[in-house]
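Engineer: predicted coordinates and the sequence they were generated for:
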Amino acid sequence: MQAVILAAGRGTRMGELTNGTPKPLLKVLGKTLLERKLDELPEKISEIIVIIGYHGEQIIESLGDQYKDKKISYVWQKELKGTADAVWQAKDILKDRFIVLMGDDIYCKEDIDACLKEDWAILVKEVEFLEAGGKIVLNSDGSVKDIIEGSHHHEHHALVNAGLYVLGTEIFDYQMVQIPGKTEFGLPQTLLQLVSKFPIKVVKSKFWLSQTAPEDLESAEKELLSGSNN
């Protein structure tokens, strides 16, 4: 099975930390965000496709063509046109079901394994207060009904998109959907076209750390040191 890791962006909200360094190569406790992700991938993942852009040559130099027993290949996203466009860059080399992960966030093996048990899945985090992000709305059977982006004004007990997906190559039979008001094409927005034909199972995360700003790196170090992902 193949894994697609989206690692093309710079991560401007990291400030000076990404001046000359791609965000996925920032380190938490001495290990890059990319390495942390690769270490959590299960054995059934035999090939990793990394979508690169901003200083992508540094990522190639860092990882090489193999990580432990997993083959690595690279695809350039020359223009940063969103998460759907990033996945579409790899469509010619994707063979069947595949998993998509964000290149900067920290995931755990248990959550990845749970998602891979489903034909189509999205990882979500249940939060007490949701201020912003992709809010997941469910059907009565627990599958995805809608993904609402934007501000949510402290909604209580909401589900937020954690940016990990198990998808089939059937997604490429559909057109990418542009994010309203932007020039980018969003993977969540594109995925919504398929929900009536391919029910997307929601998997609640046990451990997920979104890495957006410098303070998130500091928080991640504290959580990992405390062993909260065990």
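Structural biologist: In hand now; what should we look at?

Engineer: next, the buried residues of the longest helix anywhere in the chain.
Structural biologist: With secondary structure taken from DSSP state H, the chain has its longest helix at helix 214-226. Buried residues in helix 214-226, defined by neighbour count with 16 or more other C-beta atoms under 10 Å: 216-217, 220, 224. Backbone N, C-alpha and C define where each C-beta goes, glycine included.

Engineer: can you tell me which of the residues you listed lies closest to H157?
Structural biologist: Minimum distance to H157 across those is 22.4 Å, recorded for D216 (C-beta to C-beta).

Engineer: average pLDDT for stretch 223-230?
Structural biologist: Averaged across stretch 223-230, pLDDT comes to 79.

Engineer: give me every residue that touches the spatially closest residue to H55 that is not a sequence neighbour.
Structural biologist: In this structure, H55 finds its nearest non-sequential neighbour in P22, 4.7 Å apart by C-beta to C-beta, 6 or more residues apart in numbering. Residues near P22 by C-beta atoms under 8 Å, 6 or more residues apart in numbering: 7, 9-11, 52-56, 58-59.

Engineer: just the buried residues from those, in PyMOL please.
Structural biologist: In PyMOL, a selection of the buried entries from the contacts of P22 looks like this (16+ other C-beta under 10 Å):
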select buried, resi 7+9+10+11+52+53+54+55+56+59
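
Engineer: can you list the contacts of P22 in CSV and add secondary structure?
Structural biologist: Shown next, in CSV, are those (DSSP: H, G, I helix; E, B strand; the rest coil):
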residue, secondary structure
A7, strand
G9, coil
R10, coil
G11, coil
I52, strand
G53, coil
Y54, coil
H55, coil
G56, helix
Q58, helix
I59, helix
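
Engineer: I179: which of the contacts of P22 is nearest?
Structural biologist: Using C-beta to C-beta, G9 comes nearest to I179 of those, at 14.4 Å.

Engineer: okay, the closest one and E223: tell me how far apart.
Structural biologist: Computed as C-beta to C-beta, to the nearest Å, the G9 to E223 distance reads 23 Å.

Engineer: cool, and M102?
Structural biologist: Relative to E223, M102 is positioned 17 Å away (C-beta to C-beta).
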